[in-house]
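Fold the following.
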Amino acid sequence: MEDVPLANDEARGTGWWILAAIAGVAFVALILAPGFLKARESSARNSCQGNMERIDSAVQQYMLELGIESRAMLVAMIGTEQKDWEKHLVGQKKIIRYSPKCPTGSEYVLNPSPDDPPVSCRFWLEHPRETRHLYVWPRTGS
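Model (predicted):
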């Protein structure tokens, strides 16, 4: 009579193989996770940076159209909060067609001081550790 392997022996070997495969996938995920998180943060930062530059360009264009000389005067007229300046800059026949959305869900703020960046994002201001150089970009005029 031949020795016939029992079903339990085969199942036991398959179980270890599955366990090893799951452990391998978990190990690879642990190694790759920081890179994915960093890429996600970098993408959010770049998107936010682009939005702020777009808002700054719109503010400069609006100031030229109205003949306003300083950001402080403009901010005194239209306000610093996003809900305030959107009324003047965002719309179908205005400078910015669609309202810029921050990837973090935060709002953009106009800064009246010439010493500060023209536009800031509340999230990055409140979390400076995550992005030290985000909301300061080379200005293209003032």
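
Just give me how far the longest helix seen in the chain sits from the chain centre.
For the chain, the helix reaching the highest residue count under DSSP state H is reported as helix 7-66. Counting by C-alpha atoms, centre = their mean, to the nearest Å, helix 7-66 is centred 13 Å from the centre of its parent chain.

What is it packed up against?
Applying 3 or more C-beta pairs under 8 Å, 6 or more residues apart in numbering; DSSP states H and E, we find helix 7-66 packed against helix 71-78, helix 82-89, strand 108-110, strand 119-121, helix 122-126. For every residue, glycine as well, the C-beta is placed using N, CA and C.

And what about D116, helix, strand or coil?
coil (DSSP: H, G, I helix; E, B strand; the rest coil).

any idea how far it is from W124?
Distance from D116 to W124, counting by C-beta to C-beta, to the nearest Å: 13 Å.

More neighbours: which of the two?
Between D116 and W124, W124 has the larger neighbour count (other C-beta atoms under 10 Å), namely 22 against 14.

Tell me if I'm right that that one and C48 touch.
Yes - using C-beta atoms under 8 Å, W124 is in contact with C48, at 6.7 Å.

Could you list the low-pLDDT ranges of the chain?
Confidence mapping of the chain against pLDDT under 70 gives the ranges 1-14, 125, 127-142.

which one is the residue positioned nearest the centre of it nearest to, not counting chain neighbours?
The residue lying closest to the centre of the chain (C-alpha atoms, centre = their mean) is A44, at 2.3 Å. Of all residues not flanking A44 in the chain, P103 sits nearest, at 4.1 Å (C-beta to C-beta, 6 or more residues apart in numbering).

That'll do, ta.
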